[in-house]
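Trainee: heads up, no residue letters with this:
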Ligand code: FES
Ligand SMILES: [Fe+2]
């Protein structure tokens, strides 16, 4: 019968492309206090070694499973809060205080993951093999031409649904009718966009250009590239149900006017949160596993290209991370 929809089928919701994912802003990770993070269902602890480089280990101590995020960093080593075992940035257990003179057994060592600071963000890589190069970023994040105001949010939504919300031009007149979509007409006669190998999607959107880099980065630029205001977000699959969004509201004007940062942060968060309820409501949780399982119209063309790229990932042999591989 027309209008009747089948119950959503289970979709592939627990694999994600293996790449660098951002876990926090660099400024949030100091020299003394470790920080907990979670990516693709893996609990991690972040800290800085004696050179200030960010390191990522499994979050729970190899001794009795205490949370290493409760520990302290001393001379670049992370000391567990429970019995003081010390771990270096490679996860090697370097000291067991109860037995300072005994050799350290192999099973005391912890697992380490590649991590780095780049563009003012801390990134981790959970892929099957080490990925040595730092993640490539949009130039606006590293040139210093913009004052970048950080903002962040966590949504109860699958990564794919969150990504699609930033490729969507038809929602502006509805979801954002009081902010960025105020002057956007509901009718979208044609979406102007181009796609580069499926990995980079650029969309002309009124006065701006949206650019998305598969799978986790997005930027909004003014159309003429004359500087001004940019907005950047990166998406991190915390697990199959949850996505961390870390963003920058960037401006090349009024860089040092007091109070402007707060204004920009508040506005960016307001716009972001206008999407939240709708995106968190979507069923099935990830995008469905075939194009025909949802209705598409011409205004959805950029999302369709994203889906094709996502399906290529799901069905191909690109490196992937699996949520909860043990269950
Ligand atoms: S639980 Fe970490 S040192 Fe004992
Ligand atoms: Fe939106």
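Mentor: Sure, I can see it. Computed from a predicted model, the values in this text were never measured in an experiment. Ligands and ions are numbered 1, 2, ... in the order given.

Trainee: can you give me the helices in this structure?
Mentor: Ranges of helices within the chain are 159-166, 172-175, 260-280, 301-315, based on DSSP state H.

Trainee: Compare those and give me the one nearest ligand 1.
Mentor: When the helices of the chain are compared for distance to ligand 1 using Cβ to the nearest ligand atom, the nearest one is helix 159-166, at 32.3 Å. Glycine gets a C-beta too; all of them are placed from N, C-alpha and C.

Trainee: That closest one - contacts with which helices or strands?
Mentor: On a contact count with 3 or more Cβ pairs under 8 Å, 6 or more residues apart in numbering; DSSP states H and E, helix 159-166 meets strand 208-213, strand 229-237, strand 243-251, helix 260-280, helix 301-315.

Trainee: try 6 Å this time
Mentor: With contacts taken as 3 or more Cβ pairs under 6 Å, 6 or more residues apart in numbering; DSSP states H and E, helix 159-166 sits against strand 229-237, helix 260-280.

Trainee: what residues does this structure put near ligand 1?
Mentor: Counting by Cβ under 6 Å from any ligand atom, the residues of the chain close to ligand 1 are 61, 63, 64, 66, 80, 82, 83, 85.

Trainee: which intervals of the stretch 101-250 of the chain have sub-threshold pLDDT?
Mentor: Applying pLDDT under 70 to the stretch 101-250 of the chain flags residues 131-132, 224-227.

Trainee: Go again with 50.
Mentor: In the predicted model of the stretch 101-250 of the chain, no residue satisfies pLDDT under 50.

Trainee: mind listing what whichever residue of it sits closest to ligand 1 touches?
Mentor: As assessed by Cβ to the nearest ligand atom, ligand 1 sits closest to residue 108 within the stretch 101-250 of the chain, at 9.2 Å. By Cβ atoms under 6 Å, 6 or more residues apart in numbering, residue 108 lies in contact with 62, 93.

Trainee: do you know how far it is from residue 92?
Mentor: Distance of residue 108 to residue 92, given as Cβ to Cβ, to the nearest Å: 9 Å.

Trainee: swap in residue 251?
Mentor: To residue 92, residue 251 is 44 Å away according to Cβ to Cβ.

Trainee: So for those two, which sits in the more crowded spot?
Mentor: When residue 251 and residue 92 are compared for neighbours, residue 251 comes out ahead with 20 against 15, by other Cβ atoms under 10 Å.

Trainee: Contacts only, for that one.
Mentor: With contact set as Cβ under 6 Å, 6+ apart, residue 251 has these partners: 147, 229.

Trainee: Start the count at 35 instead of 1 going forward.
Mentor: Sure, I'll start counting at 35 from here, so that last one is residue 285.

Trainee: For it, name its beta-bridge partners.
Mentor: Beta-bridge pairing for residue 285 (DSSP bridges): residue 181, residue 263.

Trainee: Quick one, grab the pLDDT at it.
Mentor: Among the per-residue scores, residue 285 holds a pLDDT of 94.

Trainee: Check residue 46 too.
Mentor: Residue 46 carries a pLDDT score of 70 in this model.

Trainee: Tell me how many other residues crowd the residue nearest to it when sequence neighbours are not counted.
Mentor: Once flanking residues are discounted, residue 46 sits nearest to residue 348: 5.4 Å by Cβ to Cβ, 6 or more residues apart in numbering. By the measure other Cβ under 10 Å, the count of residues near residue 348 is 15.

Trainee: Distance check, residue 348 against residue 249.
Mentor: To residue 249, residue 348 is 12 Å away according to Cβ to Cβ.

Trainee: what's the closest non-adjacent residue to residue 330?
Mentor: Taking Cβ to Cβ, 6+ apart, and ignoring the residues beside it in sequence, residue 330 has residue 338 as its nearest neighbour in space, at 5.6 Å.

Trainee: need the strands for the stretch 135-284 of the chain, in chain order.
Mentor: 146-147, 149-152, 155-159, 181-189, 227-230, 234-239, 242-247, 251-256, 263-271, 277-285 (DSSP state E, counting those that start in this stretch).

Trainee: how far off strand 155-159 does the fourth one point, in degrees?
Mentor: Put plainly, it is strand 181-189. 50 degrees (axes from the mean of the first three to the mean of the last three Cα atoms, to 10 degrees).
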